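K.L.:
Return atomic coordinates for the entry below.
(2 chains)
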Amino acid sequence: MEYLIHIAILISIYAILGLSLNLVVGFTGLLSVTQAAFYGIGAYVTAILLTSTGMNFFLAMLISIVITAVLSLAIGFVLSKFKDDYYALGSFGFNVIIYSIFLNWQSLTRGPLGIPGIPRPSLFGLTFSENAWFLVLALVCALIIYGICQYITHSSFGRVLKAIREDEKAIQVFGYRVLWYKLAIFVVSAGMAAVAGSLFASYITFIDPSSFTLTESIFILAVVILGGMANNKGAVIGAICLILLPEILRFVGFPDEIAAQMRQVVYGVILILLMLYRPQGLLGEYRF
Amino acid sequence: MDIIPQLIVNSIIAGAIYAMIALGFNLIYGTAKFFDLGYGAMATIGGYTVFYFYKGLGLDLYLSVILGVLVAGVIGVVVYRLVYAPLRKRKSSGMVLLVAALGVMTALQSIVAIIFTSQFQTLSQNAGSENVYTIFGGVITQTQLIILILGLLIMIGIGLLFRYTLFGKAIKAVGDDEEVSKIVGINTSRVIGWTFFIGSAIAGLAGILVGFDTGIEPTMGMSLLLKGVIACIIGGIGNVYGGVLGAFLLGFIENFGIWQISGEWKDAIAFGVLIIFLLFRPQGILKK
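P.N.:
This is a model prediction of the structure:
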């Protein structure tokens, strides 16, 4: 039971990440491979605030959303100058740079040692120290994010995003400020990733830079692409599939070290097969 | 020992390695016209093949190196035939190819990690007791001298290939216009296959040399590749000489950068340079 709850919490966190990245990759058509950086910033800000000041988790989460949003605004502004392949490469760059900061700003992040002893959240005297309660919290967060994503993508704002994806020039001719829309959705997406980061930090109670590498960004991209681009349900299904699959591998009897690598082999192969046979993913409405 | 001459020597050695990766990458980009990120895995495969034959089976050094280069080249072609060729036939966009290449990279890298574990290994038998030479006050090991010589030979070789051979002209023609090349009777699929072989073999050699100089680990391909790509973009993508120029420039910036800051920031510096170039001179130093 405890094991199932653990899996469910992970799925919720990755569903949030998938939903957030889908806004940028699926709906707006910008191939961003830097989501793990925002996920990491959210996690680190929460962890540092909780361990050094002992403030309430929800306040810390709010602050980490704001800080991540501000940073993503700057990064998004630079990235908005690039197109297609170069956009992807530039976003790679930011992931590596932010990872280096986690690793090397030792006075703040403790570098490769990581930050241990992050407390679990508490609200009105109720602490989410039991995993079952934490699952409730994670699910509520995931549901709220899902609702926001549904709202955004069905609003007129969402339609403009899709129009940017289909034909950026045309929508510019109609007088929309494309840059503003791209920045807005990039910042919203990063803020959501920060929520996932906060949850992750306080759930595992320990973070180190290795959770926020380029590989992790590619994994989140795989979640989006497998589930289906530009489909919110798809992102959730992608998260479920990609979290469950390696667990099944573990059950088949691979040792842990190999199972971790198998997970990467599996999602690498999934990415290749999807591109070959179904580039829009399972429920996708859009392909590159 | 003076620091400046040593830094210059180190920069040139790093530049030579990056130049090899950049040459192969540019060769592939020049004909196939997409960012083949899976290409980095060939460096890993080259390094580990030598590790297997030379240290594992105790084969002759030169034979192992030749085998390593060949295996890397062959796997490069196999990946092209299985993944990229069908995608290109369907006229998939550059982003589809990029995502597929990310899949190739992750999968191959993890397969290597499963077979050989993800530990750092050295290739050379007599690490630490190598012959060292002093040039202009900078110290250089025998392996590094070999890196410089081989790097130079490959640069000259590629230059001659383009200038004097029919095959080199065919590569250029395919790069300029694949359709027209086909009409005039060039077997474009074979030409591209060969560029993948040559490019991947060069990457394999670079991986092997890095393995003898420092060591090998499964993730080495990714970092080598990213440096090679950055070198290409700085120098001017698709321009063979630009890639070499960019590689040495990157080598110098990195080594002088870590002299001023600290070693751990190497990757961040490289990507910082990339982003600055993408912003202010996206076509690179030498435009094609």
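
K.L.:
Could I get the contacting residues of B:Gly144?
P.N.:
Wrong residue type there; residue B:144 is Gln, not Gly. Neighbouring residues of B:Gln144 by CB atoms under 8 Å, 6 or more residues apart in numbering or on different chains: B:9, B:13, B:213. To be clear about C-beta, it is placed using only N, CA and C from the backbone, and glycine gets the same treatment.

K.L.:
which ones are touching the second one?
P.N.:
For B:Ile13, the residues meeting the contact criterion (CB under 8 Å, 6+ apart) are B:140, B:144, B:147-148, B:213, B:251.

K.L.:
min pLDDT across these, which one?
P.N.:
Across these, the smallest pLDDT goes to B:Ile140, namely 81.

K.L.:
how about the helices of the stretch 1-150 of chain A, start to end?
P.N.:
Along the stretch 1-150 of chain A, counting by DSSP state H, counting those that start in this stretch, helices occupy A:2-22, A:35-53, A:57-79, A:84-104, A:106-109, A:131-154.

K.L.:
ugh, typo on my part, it should be the stretch 151-288 of chain A
P.N.:
Using DSSP H, counting those that start in this stretch, helices in the stretch 151-288 of chain A cover A:156-166, A:168-173, A:178-204, A:214-227, A:232-252, A:256-277.

K.L.:
Show me which residues of the shortest one are buried.
P.N.:
Neighbour counts over helix A:168-173 (16 or more other CB atoms under 10 Å in any protein chain shown) mark A:168, A:171 as buried.

K.L.:
With only the CA atoms kept, save it in PDB.
P.N.:
Provided in PDB are the C-alpha atoms of helix A:168-173 (Å, rounded to 0.1, in the frame of the first residue of the first chain):
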ATOM      1  CA  GLU A 168       3.300  33.000 -36.200                       C
ATOM      2  CA  LYS A 169       3.400  35.500 -39.100                       C
ATOM      3  CA  ALA A 170      -0.400  35.400 -39.700                       C
ATOM      4  CA  ILE A 171      -1.300  36.000 -36.100                       C
ATOM      5  CA  GLN A 172       1.100  38.900 -36.000                       C
ATOM      6  CA  VAL A 173      -0.600  40.400 -39.000                       C
END
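
K.L.:
near chain B, anything from it?
P.N.:
No. For a cut-off given as CB under 8 Å from any CB of the partner chain, helix A:168-173 has no contacts with chain B; the smallest distance is 14.5 Å.

K.L.:
Which strands or helices does that helix pack on?
P.N.:
Under the contact definition 3 or more CB pairs under 8 Å, 6 or more residues apart in numbering or on different chains; DSSP states H and E, helix A:168-173 sits against helix A:156-166, helix A:178-204.

K.L.:
try the first one
P.N.:
With contacts defined as 3+ CB pairs under 8 Å, 6+ apart, helix A:156-166 has these neighbours: helix A:168-173, helix A:178-204.

K.L.:
Reformat those helices into JSON lines and put mean pLDDT next to each item.
P.N.:
Formatted as JSON lines, the helices and strands packed on helix A:156-166 follow (pLDDT from 0 to 100):
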{"stretch": "helix A:168-173", "mean pLDDT": "83"}
{"stretch": "helix A:178-204", "mean pLDDT": "91"}
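
K.L.:
In JSON lines, list those along with distance to A:Ile75.
P.N.:
Listed next are the helices and strands packed on helix A:156-166 as JSON lines, based on distance: least, CB to CB, whole Å:
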{"stretch": "helix A:168-173", "distance to A:Ile75": "20"}
{"stretch": "helix A:178-204", "distance to A:Ile75": "8"}
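
K.L.:
Looking at the helices and strands packed on helix A:168-173, which is nearest to B:Val78?
P.N.:
Closest approach to B:Val78 among the helices and strands packed on helix A:168-173 (CB to CB): helix A:156-166, 34.0 Å.

K.L.:
Need the contact partners of that closest one.
P.N.:
A:23, A:27-29, A:152-153, A:170-171, A:176, A:178, A:181-182, A:184-185, A:230, A:286.

K.L.:
if we go to 7 Å?
P.N.:
Outside of helix A:156-166, the residues within contact range by CB atoms under 7 Å, 6 or more residues apart in numbering or on different chains are A:27-29, A:152, A:171, A:176, A:178, A:181-182, A:185, A:286.

K.L.:
Go through that helix and flag the buried ones.
P.N.:
In helix A:156-166, counting by 16+ other CB under 10 Å, buried: A:158, A:160-165.

K.L.:
Give the buried residues for the helix or strand containing B:Ala16.
P.N.:
According to DSSP states H and E, B:Ala16 maps onto helix B:3-32. Across helix B:3-32, burial judged by 16+ other CB under 10 Å covers B:6-32.

K.L.:
cool, and stretch A:2-13?
P.N.:
Under 16+ other CB under 10 Å, the buried positions of stretch A:2-13 are A:5, A:8-13.

K.L.:
Enumerate the residues of the stretch 151-288 of chain B near chain A.
P.N.:
Residues of the stretch 151-288 of chain B lying close to chain A by CB under 7 Å from any CB of the partner chain are B:226, B:229, B:264-265, B:267-268, B:271-272, B:274-275, B:278-279, B:282.

K.L.:
among the helices and strands of chain A, which has the poorest mean pLDDT?
P.N.:
Among the helical and strand segments of chain A, the one scoring lowest on mean pLDDT, DSSP states H and E is strand A:126-127, with a mean of 72.
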